[in-house]
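Chemist: Below are the sequence and a predicted model; questions follow.
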Amino acid sequence: MAPYIGTATSRVDGRAKVTGEAKYAGEFKAPDLAYGFVIESTVPKGRITHIDAGEALRVEGVIDVLTHKNRPRMAGTDKAWKDDVAPEEGSPFRPLYGDSIKFSGQPIALVLAEEWEIARYAASLVRIEYEEQAFVTDLYQQRDQAFAVAKPDKPHGDAGRAFMAAAVRHEAECFIPTEHHNPMELFASTAIWDGDGKLTVYDKTQGVQNVQRYLCSVFEKKPDEVRVMSPFVGGAFGLGLRPQYQVVLAMLGALALQRSVRLVLTRGQMYGLGHRPATIERLALGAKADGTLDSISHEAIAVTSQFEEFSRNDTGWGALLYKSANAKYVHRLARLDVPTSCDMRAPGAATGVYALESAMDELAVALKLDPIELRLRCYSDRDQNEDVPYTSKQLRECYRQGAETFGWGKRNPEPRSMRDGSELVGWGMASGVWEALQMPAAARIVLTANGHAEVFCAASDIGTGTYTILAQVAADALGLPIENINVKLGDSTLPQAPVEGGSWMAASASHAVVATADEVRKELLTLASTIKGSPLGKTSLEDTTLVGGQIVSKRDTSLAISIADVMRHGAIDRIEKEKTNSFPEDSGHARNTHSAVFAEVKVDEQLGVIRVTRIVNAVAAGRILNAKTAHSQVMGGVVWGIGMALHEETLFDHRFGRVMNANIAEYHVPVNADVHEIKVIFVDEPDKIINPMGIKGLGEIGIVGVAAAIANAVYHATGKRVRDLPITLDKLHRSA
Ligand code: MOS
């Protein structure tokens, strides 16, 4: 039996997904289910002075209208409302807690009815009066009030002085607008009343155990009174890391009615949840005439809410990629009257590396150097921030293989020099970098005598392929066909797992499965050794492996006993083991994934319409567990990068503090017609240091660098540099 790890294995949940058998949070049924509909604030700041639900309550089928005045009890401390991944600083949002309004779109009442349509109609009849207060939703208006937050990366040298002394300088500011996640599945929760104050809550989340702990703490419940399930997730991308307000309101409704409640947000209401923060990025690069960097200064000014301080690492990436004796970073937060911003695919890097890699392109132009050549002259084999080497870094190979596949050698460096009929052709490139994180996680394996195994872990599969890679890993570790492996995920009662995020789940959960399979093998060997005349009597655990339904000596494969025989001898029909894996601390190495992204754009010379006709993304991300799901991850990241470069932008009307395009008709994302050729290359990157299996994860690296590569290609095509995303044709016409 060939190993499964590394092959292009199709999704084990693929059939369930395409047939609709895979149920999402808003699809679980329960007897006597009531439906909720949220009423949102129409003002961004102030106080609720009056709520009149009289007319709504008279509608037939309406059960109740919950507000801060009549809701069941909820905890009253910030600590109780802090979930596992809440920002350290601040006071988490509490839906329906009090009369204060913190952002437009804030939930302020929950209508509960026998049917969803009735709840929605009745919601339109609730009259709300506010006392409005002055507010601000424009980052540029607040940038001078922005305050610096402590970020991990320390400066080195004197970046200011080195910049002034540099032979060639580049300094510019970029802007990345607010972006909303817009997963296909709407945020939803079905809180099933199990009686006696106990609930099973189906929630759209990336972390069932995080939500379970949060609900227990908010509603002062014992751990065994709340079970949270999330077997399938229709996209989340970071918005599902923290519990969102709909899960609180679904449970609140269920507690109030003592019956099951389903709450599905509308697409528009999801613009009242978290978002990628609008960010101003300032880059100053100073180089010697030979194209080596001497100074990197990176300042980010990002949006947070008035009540929490959310920030990620935008600024520290330059010194991971490039040698520079001097570097300085500043991260500021501007408070606006909006919901707290949150993680979105490659948070910090998608934005920060966009700015960095745009600046590197501008520096290459100033130095009259090929953009790859500049990056090679600055190439760093060490993390300059921590001054440590990498566990592995095959970025040079990414540049080489990406350039070769793309045909970069045929590029004429002169802007506006390449064309195809009425279109200007531009070729641009950028580097990408992300973290290779790993977290403690546990797994349980139940192996039965018939050679089947069940693998249990609380992890969520948010569409990344976790079910599939864990089935592959378990099949190899247990020596069974993948068809005999059944993976169960997304249930808070299962063995402990971190939230599915940060690209850490593949490494974390795979090692948990292997560690548990080792325990299973140990038990099998113990039993096998007691068999009279056992062929494995003298074999040590390290010298055994599980292959083809047998426990086998690695030194002499003729020494083997079938799992069925071992269990029969031991008079058992199953072996059940659970084990937690954690990774040893290693502060002596940097752990990162890398990429080189190449983009071709064609720009209509008259109209300025931009098409991204080709992308090559060469990724070095350690061991690739599944060539098929890995390819899909990176391809999805590339598509999102196209959106970031050309389409995505949440538009506010700052006079009203409201999102104007809270729908997927006017919030543009790339559609099929916008997506052309995407080639994904995985550069071979063996890594014996990072973890035993050499896994780095790649949920996020796929988007990093894509927007910069496209922006750089647009410059090469047109000679125009649009630094504010998205690059739309009006900006292209305006810019010099
Ligand atoms: Mo990812 S933004 O950590 O879900």
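Modeler: Arrived safely. Residues are numbered from 1 along each chain as shown.

Chemist: Straight-line length of stretch 292-311, end to end?
Modeler: Counting by C-alpha to C-alpha, to the nearest Å, you get 31 Å between the two ends of stretch 292-311.

Chemist: again, but for stretch 461-470
Modeler: Chord length of stretch 461-470, first to last residue, is 10 Å (C-alpha to C-alpha).

Chemist: Can you get me a residue count around Gly157?
Modeler: 16 (other C-beta atoms under 10 Å). To be clear about C-beta, it is placed using only N, CA and C from the backbone, and glycine gets the same treatment.

Chemist: from what I can see it touches Ser297, true?
Modeler: No - using C-beta atoms under 8 Å, Gly157 is not in contact with Ser297, being 10.9 Å away.

Chemist: what sits in contact with each of these two?
Modeler: The contact sets of Gly157 and Ser297 overlap at Ala327 (C-beta atoms under 8 Å, 6 or more residues apart in numbering).

Chemist: list the buried ones in stretch 561-573?
Modeler: For stretch 561-573, the neighbour count (16 or more other C-beta atoms under 10 Å) marks 561-563, 565-567, 570 as buried.

Chemist: Farthest pair within those residues?
Modeler: Spanning the widest gap among the buried residues of stretch 561-573 are Ser562 and Gly570, at 12.7 Å by C-beta to C-beta.

Chemist: Identify the contacts common to the two.
Modeler: Taking C-beta under 8 Å, 6+ apart as the contact rule, Ser562 and Gly570 have no neighbour in common.

Chemist: quick one, strands of the stretch 501-650 of the chain?
Modeler: Along the stretch 501-650 of the chain, counting by DSSP state E, counting those that start in this stretch, strands occupy 544-547, 550-553, 560-562, 574-581, 592-604, 610-620.

Chemist: want to try JSON lines for those, with distance to Phe456 and mean pLDDT as columns?
Modeler: Formatted as JSON lines, these follow (distance: least, C-beta to C-beta, whole Å; pLDDT from 0 to 100):
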{"stretch": "strand 544-547", "distance to Phe456": "19", "mean pLDDT": "96"}
{"stretch": "strand 550-553", "distance to Phe456": "22", "mean pLDDT": "96"}
{"stretch": "strand 560-562", "distance to Phe456": "24", "mean pLDDT": "96"}
{"stretch": "strand 574-581", "distance to Phe456": "8", "mean pLDDT": "98"}
{"stretch": "strand 592-604", "distance to Phe456": "28", "mean pLDDT": "98"}
{"stretch": "strand 610-620", "distance to Phe456": "31", "mean pLDDT": "98"}
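
Chemist: Out of the ones you listed, which is the most enclosed?
Modeler: strand 592-604 (a mean of 27; mean count of other C-beta atoms under 10 Å).

Chemist: Given it, what are its sheet partners and their directions?
Modeler: strand 423-435 (antiparallel), strand 610-620 (antiparallel) (DSSP bridges).

Chemist: where's the shortest one relative to the chain centroid, distance-wise?
Modeler: Between the centre of strand 610-620 and the centre of its chain there are 21 Å (C-alpha atoms, centre = their mean, to the nearest Å).

Chemist: Asn412: what's it in contact with?
Modeler: Contacts of Asn412 (C-beta under 8 Å, 6+ apart): Met418.

Chemist: can you check His50 too?
Modeler: 127-129.

Chemist: The strand or helix carrying it pairs with which strands, parallel or anti?
Modeler: For His50, the host element (DSSP states H and E) is strand 46-52. Looking at strand 46-52 with DSSP bridges, its partner strands are strand 100-101 (antiparallel), strand 127-132 (antiparallel).
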